[in-house]
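Chemist: What follows is a protein structure lacking sequence information:
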């Protein structure tokens, strides 16, 4: 398989769809939190549209992340810019791997907490959520560093398919 110069339209769409879904998970988190706490107290939780959004959003995130990973393996991904220092290339690779791992692990732990009622999974979900947020900030900071400091076209790769 030859190394692509950019991401496909599908890869880009999946990236931004996961971004939107994850953002919604953080913004609309209060309702699932209240429902989960009620569930853990043995009460019947209120399950409205926003609780369903969180559950369905998590399932969609898992499916889209797996799809992205399959595309990355079958189609490939562009190499880091040649002028990028090797240490930054390693940080970028590690951050991307950690993002995939924690996106999946956060959804799985949330599913175990909600569907199986596992308190430990709920606690792990909260920790993973925080780690995921840190990784997202690192990812965005890296993209902005590439754009404004290194003046590379890395950000364009997620905006324009090739």
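Modeler: The structure has been received and is ready for your questions. These numbers were taken from a predicted model, which means no experiment stands behind them.
Chemist: Nearest the middle, which residue of the chain would you pick?
Modeler: The chain has residue 103 as the residue nearest its centroid, 4.4 Å off, counting by CA atoms, centre = their mean.
Chemist: What lies in contact with stretch 95-106?
Modeler: Stretch 95-106 has contacts (CB atoms under 8 Å, 6 or more residues apart in numbering) with 18, 22, 58, 61-62, 65-66, 68-69, 125, 128-129, 131-132, 135-136, 138-139, 142. For every residue, glycine as well, the C-beta is placed using N, CA and C.
Chemist: which stretches of this protein have low pLDDT?
Modeler: Scanning the chain with the threshold set as pLDDT under 70 gives 1.
Chemist: can you map out the helices along it?
Modeler: 9-27, 29-40, 49-74, 86-116, 119-148 (DSSP state H).
Chemist: Off-centre distance for the longest one?
Modeler: In terms of CA atoms, centre = their mean, to the nearest Å, the centre of helix 86-116 is found 7 Å from the chain centre.
Chemist: can you state the direction angle for it and helix 119-148?
Modeler: Orientation note: helix 86-116 sits at an angle of 150 degrees relative to helix 119-148 (axes from the mean of the first three to the mean of the last three CA atoms, to 10 degrees).
Chemist: Now do the contacts for the residue lying closest to residue 24 once chain neighbours are set aside.
Modeler: For residue 24, ignoring the flanking residues on the chain, the nearest one in space by CB to CB, 6 or more residues apart in numbering is residue 57 at 5.8 Å. Applying CB under 8 Å, 6+ apart, we find residue 57 in contact with 21, 24, 25.
Chemist: Count the residues that sit near the last one.
Modeler: When counting by other CB atoms under 10 Å, one arrives at 20 neighbours for residue 25.
Chemist: ok, for it, nearest residue in space, not its chain neighbours?
Modeler: Closest residue to residue 25 apart from its sequence neighbours, by CB to CB, 6+ apart: residue 57 at 5.5 Å.
Chemist: Got phi/psi on residue 45?
Modeler: The phi/psi pair for residue 45 (degrees, to the nearest 10) reads phi -70, psi 150.
Chemist: And for residue 79?
Modeler: Backbone torsions of residue 79, given as degrees, to the nearest 10, read phi -70, psi 160.
Chemist: Also residue 84?
Modeler: Dihedral pair for residue 84: phi -70, psi 130, per degrees, to the nearest 10.
Chemist: pretty sure it contacts residue 150?
Modeler: Yes - using CB atoms under 8 Å, residue 84 makes contact with residue 150 at a distance of 6.7 Å.
Chemist: Can you select the buried ones from the contacts of stretch 95-106 in ChimeraX?
Modeler: Here is the ChimeraX command that selects only those of these that count as buried (16 or more other CB atoms under 10 Å):
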select :18,22,58,61,62,65,68,125,128,129,132,135,136,138,139,142
